[in-house]
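> Mind folding the following:
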Amino acid sequence: MDQTVTGSPRGPRAHPPTRPAPRDAVPAAPRPRRPRALAVVLLGVLSLLTGALSAATGTATASLPPAPSALAVSPTSYVGGQAVTWTGSLGVAGPRALVLEHHMGRPGDAWVTEPGVVGTSALDGSFSFVHEAPSMMNIHYRVRGGSAVSAPLTFLAKTQDLTIRVAGTRADAANPPGRVEAGRPFAIAVDTTPDELRGSTSRGLPVFEGRTLTLQRRVDADTWDTLATTTVPADGATRFTDLEADAGVVVFRVRAEDHRTGGHRIGWTQSFPLYVLVGEQAQQAWDRDHPTTTSPRPSYVGAAAAAPTRAATAGRALQAAPGATAGQRLRWFPALFDFAWEFGQSLTSLPARGTRLAGGWVDHSEGAGRVSKVNGGLAIDSKRLATAGPGDFGTTRATLRGNAMTYGRWEARMRVRDAAERTGHPYDVLAELVPAAVGDQDCGAGTIRLARISPHSRVVRFGAQSAQHRWSGRVTGPDTPTRFAYAVAVEVGRDHVTWFVNGVPVGTVTGEEVVPGVPLTLRLSLVGDGAQEMDHTGLISDWQRGFPITTGEETLSRDRLPRRAVAARC
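This next block holds a predicted model:
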């Protein structure tokens, strides 16, 4: 339980210090004994002088005017996990142990005290200490010391980013393929403070001089080979030189590695994949297979794109309050794991909290997409430039490894932050449970789908599959996921599976067949269609949580999912 460190409103009492004898003092020679009366007089004078000194010291402390309540951080441009200096005042005099409190700014929220003491205020109530910056946008913080608090401060962290391109080509936010001649060495240019912004939160990024950069080459969608490393220079831009590749298509990325010097606790991040076309034949084949990456295509953006689909196409309407979760409503806490992305975490960081702090996320990218930590969430983006236009292809996934459960509850919040076009090729946005062991993954059997959503639809689909059968259900949400965040959850018991959307049970299947009976893990995906150009989509999942099956009560929904035979096996 979080605790607030409290202190006396008046502060500690001041006591006159006792001065030890200097280390080099020489013992005084013995003196003749004085009359007792003289000793008493001298002792009285000494007592009066000491009392006067104590009174003067106490008066000075008590009369010290407190600094006005305030809070600021420096530098003012920062990323989550960066060491920043917090300065301000509690507005009252006296030293106090200091703790941090945060507020999400939503109706009904309260100030939450974070564990740990971060510093001590001065006699006038002022303070200055170094602490990592939060990564969440528009989160409010204040400093507490006993019953006194500083003024609140709204934090607006930047999002780590870096761009790469073939050296000598024009910087382009659309991240087009690089083109080089076969048989000639080339270089990859890296910019850790790019002007070719993915979004406004990348503007004005700080330079972390000396941070390690790693150049990697894609082997397959799950594997990258490390080719070289370098460090970030003072201007934030560098390059990897003397690169060679056989004729064909090669894909690179650069990782900015964990940065944990100077008080920083910044986790690693990665660039979007860069396709490099080596030789004329590869370039001609690319233009043939990806015609839309070199010419504009029709797209519909703005209000028309955001219009929700008609509710008549889906199942029953969902009555759910924004922000409601099954974990809270059904008392599943404490969580086994809770990935909250509140500071400088990377994909492979442990959960922020929970009773089983294990595991991390691995990324899968078949095309131009990237998995990354963006401010206060886990993000999956189909391409770098968050607008309509070419370059969105392939499937991109994030899979939790190292914290699987056979029975339990899983919950994640999902919203679509970017959906700038509608050309008839939307990504499937999925949250699923899949067998943790590759050997248990059998053509979709054992998969439980928490949710399948589409950016411009209010329909939330869910279901499960065994070796012989498939179960599916759907509900209509109050709005599209571009304007409404869905908290999707599933409970897997020994004899049932129940689905939840924003805390409401929406479907159940009973019987042992639907229960995979093997360790399961969470997977989030943007599912594309090979090289097919898709509508740009950006998914963000604010948090992902796991709960034991033993807390609260197991739930059965009145809505039972129909069963259908699996038509064919892969």
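> Longest strand in the chain, please.
What stands out as the longest strand in the chain, according to DSSP state E, is strand 408-418.
> Let me see the mean pLDDT of that strand.
Per-residue pLDDT over strand 408-418 has a mean of 96.
> Which neighbouring elements make contact with it?
Judged by 3 or more Cβ pairs under 8 Å, 6 or more residues apart in numbering; DSSP states H and E, strand 408-418 is in contact with helix 326-329, strand 428-435, strand 448-453, strand 486-492, strand 520-527, strand 538-541, strand 544-547. C-beta coordinates here come from the backbone N, C-alpha and C atoms, glycine included.
> let's go with 7 Å and repeat that
When contacts are defined as 3 or more Cβ pairs under 7 Å, 6 or more residues apart in numbering; DSSP states H and E, strand 408-418 sits against strand 428-435, strand 448-453, strand 486-492, strand 538-541, strand 544-547.
> For residue 487, name its beta-bridge partners.
Following DSSP bridges, residue 487 is listed with bridge partners residue 413.
> Let me know how buried it is, in neighbour terms.
Using other Cβ atoms under 10 Å, residue 487 is surrounded by 27 other residues.
> residue contacts, it?
If you count contacts by Cβ atoms under 7 Å, 6 or more residues apart in numbering, residue 487 has them with 324, 325, 411, 413, 502, 503.
> for these, which one is nearest residue 338?
Taking Cβ to Cβ as the measure, residue 338 lies nearest residue 411 of those, at 9.7 Å.
> how much space between that closest one and residue 205?
33 Å (Cβ to Cβ, to the nearest Å).
> Look at those two and report which has more neighbours.
residue 411 (26 against 21).
> how about the nearest residue to the more buried one, chain neighbours excluded?
residue 489 (3.7 Å; Cβ to Cβ, 6 or more residues apart in numbering).
> Near residue 262, how many other residues are there?
11.
> what about it, which SS state?
With DSSP: H, G, I helix; E, B strand; the rest coil as the basis, residue 262 sits in coil.
> show me the contacts for it.
Counting by Cβ under 7 Å, 6+ apart, the residues that residue 262 touches are residue 83.
> if I look at it, how far off is residue 206?
According to Cβ to Cβ, residue 262 and residue 206 sit 12 Å apart.
> what does residue 289 give?
Distance, residue 289 to residue 206, by Cβ to Cβ: 40 Å.
> circling back: what about dumping the CA coordinates of the longest strand of the chain to PDB?
The C-alpha trace of strand 408-418 is given here as PDB (Å, rounded to 0.1, in the frame of the first residue of the first chain):
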ATOM      1  CA  GLY A 408      -6.400 -16.700 -15.400                       C
ATOM      2  CA  ARG A 409      -7.600 -13.300 -16.600                       C
ATOM      3  CA  TRP A 410      -6.100 -10.900 -19.100                       C
ATOM      4  CA  GLU A 411      -7.100  -7.400 -19.800                       C
ATOM      5  CA  ALA A 412      -5.800  -4.600 -22.100                       C
ATOM      6  CA  ARG A 413      -7.000  -1.100 -23.100                       C
ATOM      7  CA  MET A 414      -7.000  -0.500 -26.800                       C
ATOM      8  CA  ARG A 415      -7.600   2.600 -28.900                       C
ATOM      9  CA  VAL A 416      -6.700   3.700 -32.500                       C
ATOM     10  CA  ARG A 417      -4.800   6.900 -32.400                       C
ATOM     11  CA  ASP A 418      -4.100   7.200 -36.200                       C
END
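> That one relative to strand 520-527, how many degrees between them?
On the basis of axes from the mean of the first three to the mean of the last three Cα atoms, to 10 degrees, strand 408-418 is oriented at 20 degrees to strand 520-527.
> how does the chain divide into domains?
Listed by automatic domain parsing, the domain ranges of the chain are 70-155, 163-291, 311-565.
> Can you tell me which of the ones you listed is most buried?
Mean neighbour count, computed with mean count of other Cβ atoms under 10 Å, is highest for domain 311-565 among the domains of the chain, reaching a mean of 20.
> what separates that domain from the chain centre, distance-wise?
Counting by Cα atoms, centre = their mean, to the nearest Å, domain 311-565 is centred 16 Å from the centre of its parent chain.
> next one: stretch 99-109
18 Å.
> so how far is the first residue of that stretch from its last?
Terminal residues of stretch 99-109 lie 19 Å apart, using Cα to Cα, to the nearest Å.
> same question, stretch 445-457
Start-to-end span of stretch 445-457 (Cα to Cα) is 27 Å.
> how much space between the closest residue to residue 408 other than its chain neighbours and residue 516?
The shortest distance from residue 408 to any non-neighbouring residue, by Cβ to Cβ, 6+ apart, is to residue 549 (5.0 Å). Remark: distance between residue 549 and residue 516 (Cβ to Cβ) = 14 Å.
> picking that back up, just name the closest of the contacts of residue 487 to residue 350, please.
Distances from residue 350 to the contacts of residue 487, taken by Cβ to Cβ, are shortest for residue 411, at 18.4 Å.
> what's the closest one in contact with, if anything?
By Cβ under 7 Å, 6+ apart, the contact set of residue 411 is 325, 326, 327, 487, 489, 545.
> now, which of these sits nearest residue 247?
residue 545 (47.7 Å).
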